[in-house]
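> could you look at this predicted model? Sequence included:
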Amino acid sequence: MRQVTWPGRTVVTGQTRRRWAAVLVVVAVFGAVPVVLAHRPAPAAGLAPAALRDRITASAGRAYHGYAQSAGALGLPPLSHLEELTALVSGTTEMRVWHAAADRWRVDVLGPGTERGLYQLPGEQYRWDYAESQLTRIVGEQPLRLPQAADLTPPELVRRLLRLGAGDRLEPLPSRRVAGMVAAGLRLVPAAPGTTVAHVDVWADPASGLPLQAELTARGARRPVFVTRFLELTLAAPDPAVLRPPGRTPGTGFTTTSAADVLAALDRWDSLTPPDRLAGYPRRDAVDGVSAAGSYGAGLARFVAVGVPGRLGDEVYGTAARWGRRLTVPGADAVLITAGPLSLLLVRAGPTYLVTGLVDASLMQRVAADLAGAVA
Amino acid sequence: MIRVELAKLFRRPRTYVIAGLLCALPFIVAVFLATTRIPPPPGQGGAFLSAVLSNGALYPAAALALVLPVLLPVSVAVLAGDAVAGEAAAGTLRYLLIRPVGRTRLLVAKLVSLIAFVLFAIVTVLVTSYLTGTALFGAQATDAGVTLPADVTSLSGVTITPAGLAWRLLATVGYLTISMLGVAAIALFLSTVTDSALGAAMGALAVLVVSQVLVTLDAAAAVRPYLPTRYWLAWIDFFREPVLWRDIERGAALQVVYLVVLLGAAWANFTTRDVTT
C-alpha cells in the first residue's frame, strides 16, 4: 500500500524522483567533463610570431614521441600507382611518432588491423608493411621520393611550410591547448601570386618551439582543408629499442634497394626532363644532378613537374582523365584535377608529365601550354 | 543471490548453445582456410586472418576479430535483455522478489552473471580457436620435444614470443569483457523498462547498429569518441609493438561510464517499479 504524503504525490514517487535526479546528476557530470576539458582557457604565450617562427625552426633537433593525426578533405581521387599518396591528403591518417634525431626516428601509420612502419637510421631506411608482410631496406639518403605520412607530422609539415613561405607575412593567433599543452599560435599569409592557400595556421610549444598543430585553409574556404595535430605528446627522447627496425623472420619478405639505383634509373630518362621554364618560372632541379623532376615558382606557389615514363604515364593519365577536367591545349592532351587548394595536372604530349602544387587553375593552364609547346 | 544467478546461468542449456555458436564461426572459417589455403587479401577480411595460414598460434586473435562485431554483442544483448524482462514475461519476477532480496542486489547479480557469461564465452572461443589453429595451421616442436606455437609476428613486424602472445590474449579477453559491459548495461536497462525480452534485446541492438553507422561517418566525428562501439577494435592495439594503450584506456573508461549511467538508470527505474507479473 502506498503512503500518501500530499495529494498526487506518494513516498514511492518521491523516491523515484530522487533516484532519477541522482542518475541525471551523474550523466551531467560525465557529460560536462570532456566539455570543460576541451574549453579550458589557454593563457596567452606572449610570444611574437617572428620569435615563435624562429623557435620552430630551431626545434629541429628536439626529441619527442607521441600520437599524431592528419585529416585532409581534399577529395583527391585514387590515382593509379599513387593511391597511398592520394589517401594521405583525402582521408584521416593516424600516426605514432618517435623522434630522437633528424637521422634516427620512426613513424608508424596505423590502420584497423594493419600497420606500416618507417624507420630512419643514419644512412638507411627500413619500411615495414604488415598487410604485405614485407620488410624493405633502403640504403642511402633519398633526395627524391614521393610524399609520405612521415612528412605530415606537425613538426615536419610546419617546418617545410615555414621554409617555403620564408618571406611571407606572419600574424599572431590566440593560444590554444593541443595534446594537453598550451600552444602559441601564428598565421602565415602567403604573398606569392598564383597560390591557392589563403593562410596556414600553426600552433607550437612556446618553450621548445616544437610544432603541435597546423591547419591549411584554401582561398575562399571557411574551414581548413588539411589539419595535422598531436593528440598525445611527450617531450622526451624515445626508448632506443623502439627505434630498432624489425628483424628478418621466416614468413615475411625482405628486399634491399638503394636510393642511388632509383636516382640512376630516373636519370636514364633524359627525354622526360621538364622544360627550363614553365609559366614564366625557371626550373630548379629538385635534386642536384637529377633532371627528371623540376621545381618551379616561389613560396607556397611552388610547383613540381615530373616526367612519367611510358606505360606508367599512360595509366596515370587514364585514371586522371576519368576524374579531371580536360584542358584545351594545342598539340597535347591535358587534364586538370583540382582538389581543394591542390592542383594536379597531367599533360600527355608524347611523354607524360605530372605537375602538382598549391597553385590555381590559370597558372596550371599556362603550364600545360608550355609543356605542350616545349615537346612540339 | 549472485551464486543463484551464476548457477542458473550455467544450468541452462542455452548458455552452452550460444557459446557453441560463437565457437562454430571461427571453426568453419578455419576449415575453409585450411582446405582452400586462400587467405583474404592482405589488409582485407577479418583482422589477422591473412597471417594465420603461416601461424596457427595467431588464430585465437583472428577468431576474436570474427565474433566481436556481431555474434558476441548479439549474444550479450539477448541474454541481458532477458535478464529481468524474461523473468517478468515468464511470471517469475514477482516470486523472485518475494524473497528477502533487494532489487538493487538482484540487478547486480544479473550483471555479474552476464559478465561471467561473457568471460566464459570468450575463453571458450579462445581455447577452441587455439586448438583449431594449431591443429589446422601448424605448431612447432622445440628441442625439448615440447610443442609450442610458432613465434608470432606483431602488427609492427616484431616477433612476439609465446609468453608475449599469452599475456596479450589474456589482456584481450579482459578488454573484450569490459567492451561488452556497455551492451549488457543498455540491454539490462531496457529489460527493466519492458516486459518483452525480445524488445529489450532489439532495443540494445538498435543502439549498437546506430553507433556502428555513426562511427564510420566523418560528419559525426564530434560524437564519435562517445559512441559505445567506437573503441571495440582497440584490442588489436595489444598486438602492436610497443602496445598502443591510448584507445584501450579510452575504450575501457567509456564502457565504465556507460555501465555506471545505465545501471544507475536501471536501478532508478526498477527499484520502485510496480511488478505485476
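Nice, I can see it. Residues are numbered from 1 along each chain as shown, chains lettered A, B, ... in the order given.
> kindly report the residues of the stretch 51-200 of chain A close to chain B.
Contact residues, the stretch 51-200 of chain A versus chain B (C-beta under 8 Å from any C-beta of the partner chain): A:67, A:92, A:96, A:108, A:110-115, A:117, A:128, A:130-133, A:135. All C-beta atoms are positioned from the backbone trio N, CA, C, and that covers glycine.
> so where does A:Arg176 fall, helix or strand?
strand A:169-178 (DSSP states H and E).
> quick one: the helices in the stretch 101-250 of chain B, in order.
Secondary structure of the stretch 101-250 of chain B by DSSP state H, counting those that start in this stretch: the helices cover B:103-137, B:162-193, B:197-215, B:246-270.
> export those as a markdown table, with columns for distance to chain A and mean neighbour count.
A markdown table is the format used below for the helices of the stretch 101-250 of chain B (distance: least, C-beta to the nearest C-beta, whole Å; neighbours: other C-beta atoms under 10 Å in any protein chain shown):
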| stretch | distance to chain A | mean neighbour count |
| --- | --- | --- |
| helix B:103-137 | 10 | 20 |
| helix B:162-193 | 10 | 22 |
| helix B:197-215 | 11 | 19 |
| helix B:246-270 | 4 | 19 |
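> wait, which of these is closest to A:Ala71?
helix B:197-215 (15.6 Å; C-beta to C-beta).
> on contacts alone, who are the packing partners of the closest one?
helix B:71-90, helix B:162-193 (3 or more C-beta pairs under 8 Å, 6 or more residues apart in numbering or on different chains; DSSP states H and E).
> next, the angle from the helix or strand containing A:Thr57 to strand A:169-178.
Taking DSSP H and E as the definition, A:Thr57 sits inside helix A:49-58. Angle of helix A:49-58 versus strand A:169-178, following axes from the mean of the first three to the mean of the last three C-alpha atoms, to 10 degrees, is 70 degrees.
> so for helix A:49-58, mean pLDDT?
Regarding helix A:49-58, the rounded mean pLDDT is 95.
> who does it touch, helix- and strand-wise?
Against helix A:49-58 (3+ C-beta pairs under 8 Å, 6+ apart) you get helix A:154-164, strand A:169-178, strand A:181-189, strand A:197-204.
> same for the following helix or strand past the shortest one, what does it pack against?
Sequence order places strand A:211-218 as the next helix or strand after strand A:197-204, per DSSP H and E. In this structure, strand A:211-218 packs against helix A:154-164, strand A:169-178, strand A:181-189, strand A:197-204, strand A:226-234, with contacts taken as 3+ C-beta pairs under 8 Å, 6+ apart.
> how about CSV for the ones you listed, with mean pLDDT, mean neighbour count and distance to A:Val242 added?
As requested, those are exported to CSV (pLDDT from 0 to 100; neighbours: other C-beta atoms under 10 Å in any protein chain shown; distance: least, C-beta to C-beta, whole Å):
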stretch, mean pLDDT, mean neighbour count, distance to A:Val242
helix A:154-164, 95, 21, 17
strand A:169-178, 94, 16, 23
strand A:181-189, 95, 22, 22
strand A:197-204, 96, 24, 24
strand A:226-234, 96, 20, 12
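> dump these to TSV, plus distance to A:Gly280.
Below are these laid out as TSV (distance: least, C-beta to C-beta, whole Å):
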stretch	distance to A:Gly280
helix A:154-164	19
strand A:169-178	23
strand A:181-189	23
strand A:197-204	20
strand A:226-234	28
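> among the ones you listed, which comes closest to A:Leu37?
Of all the helices and strands packed on strand A:211-218, strand A:169-178 sits nearest to A:Leu37, with 8.7 Å by C-beta to C-beta.
> residue ranges with poor pLDDT in the stretch 151-277 of chain B?
Low-confidence segments of the stretch 151-277 of chain B, defined by pLDDT under 70: B:151, B:273-277.
> save the helices and strands packed on helix A:49-58 as CSV, and put in distance to A:Val36 too.
Shown next, in CSV, are those (distance: least, C-beta to C-beta, whole Å):
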stretch, distance to A:Val36
helix A:154-164, 25
strand A:169-178, 12
strand A:181-189, 16
strand A:197-204, 21
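> out of these, which comes closest to B:Ala7?
Using C-beta to C-beta, the helices and strands packed on helix A:49-58 put strand A:169-178 closest to B:Ala7, at 52.1 Å.
> adjacent strands (with direction) for that closest one?
strand A:181-189 (antiparallel) (DSSP bridges).
> run through who's touching the strand it pairs with.
A:42-43, A:45, A:47, A:49, A:52-53, A:161-162, A:165, A:168-177, A:198-206, A:212-213, A:233 (C-beta atoms under 8 Å, 6 or more residues apart in numbering or on different chains).
> would you list the phi and psi of whatever residue of the stretch 101-250 of chain B ends up closest to chain A?
Residue of the stretch 101-250 of chain B nearest chain A, by C-beta to the nearest C-beta: B:Gly157 (3.3 Å). The phi and psi values for B:Gly157, taken as degrees, to the nearest 10, are phi 90, psi -10.
> nearest residue to it other than its sequence neighbours?
Closest residue in space to B:Gly157, ignoring its immediate chain neighbours: A:Pro246 at 3.3 Å, by C-beta to C-beta, 6 or more residues apart in numbering or on different chains.
> and chain A, split by domain according to the record?
Using automatic domain parsing, the domain ranges for chain A come out as A:4-38, A:49-243, A:270-375.
> tabulate the ones you listed (JSON lines), appending distance to B:Leu263.
Formatted as JSON lines, these follow (distance: least, C-beta to C-beta, whole Å):
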{"stretch": "domain A:4-38", "distance to B:Leu263": "9"}
{"stretch": "domain A:49-243", "distance to B:Leu263": "30"}
{"stretch": "domain A:270-375", "distance to B:Leu263": "46"}
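> quick one: closest of these to B:Thr194.
Comparing the domains of chain A by C-beta to C-beta, domain A:4-38 comes nearest, at 17.3 Å.
> now stretch A:295-306: buried residues?
Using 16 or more other C-beta atoms under 10 Å in any protein chain shown as the test for burial, stretch A:295-306 gives A:Ser295, A:Tyr296, A:Gly297, A:Ala298, A:Gly299, A:Leu300, A:Ala301, A:Arg302, A:Phe303, A:Ala305, A:Val306.
> ok, residue 125 - contacts?
Picking chain A for this. Counted by C-beta under 8 Å, 6+ apart, A:Gln125 has contacts A:Leu118, A:Tyr119, A:Arg137, A:Ile138, A:Gln142.
> actually it's chain B I care about, not the one you picked
With contact taken as C-beta under 8 Å, 6+ apart, B:Val125 is in contact with B:Ala19, B:Leu22, B:Cys23, B:Pro26, B:Pro60, B:Ala63, B:Leu64, B:Val67.
> any idea of the pLDDT on it?
94.
> what about the helices in the stretch 1-150 of chain A?
A:11-38, A:49-58, A:83-90.
> related to what we said a few turns ago, most widely separated two among the contacts of A:Gln125?
It's A:Tyr119 and A:Gln142 that sit farthest apart of these, by C-beta to C-beta, at 13.5 Å.
> so between the two, which is more surrounded?
Between A:Tyr119 and A:Gln142, A:Tyr119 has the larger neighbour count (other C-beta atoms under 10 Å in any protein chain shown), namely 23 against 17.
> interface residues of the stretch 251-376 of chain A facing chain B?
A:Gly251, A:Thr252.
> flag the shaky bits of the stretch 251-376 of chain A, pLDDT-wise.
Short version for the stretch 251-376 of chain A, where the test is pLDDT under 70: A:259-271, A:285-291, A:375-376.
> find the closest residue to chain B in it.
For the stretch 251-376 of chain A, C-beta to the nearest C-beta, closest residue to chain B: A:Gly251, 4.5 Å.
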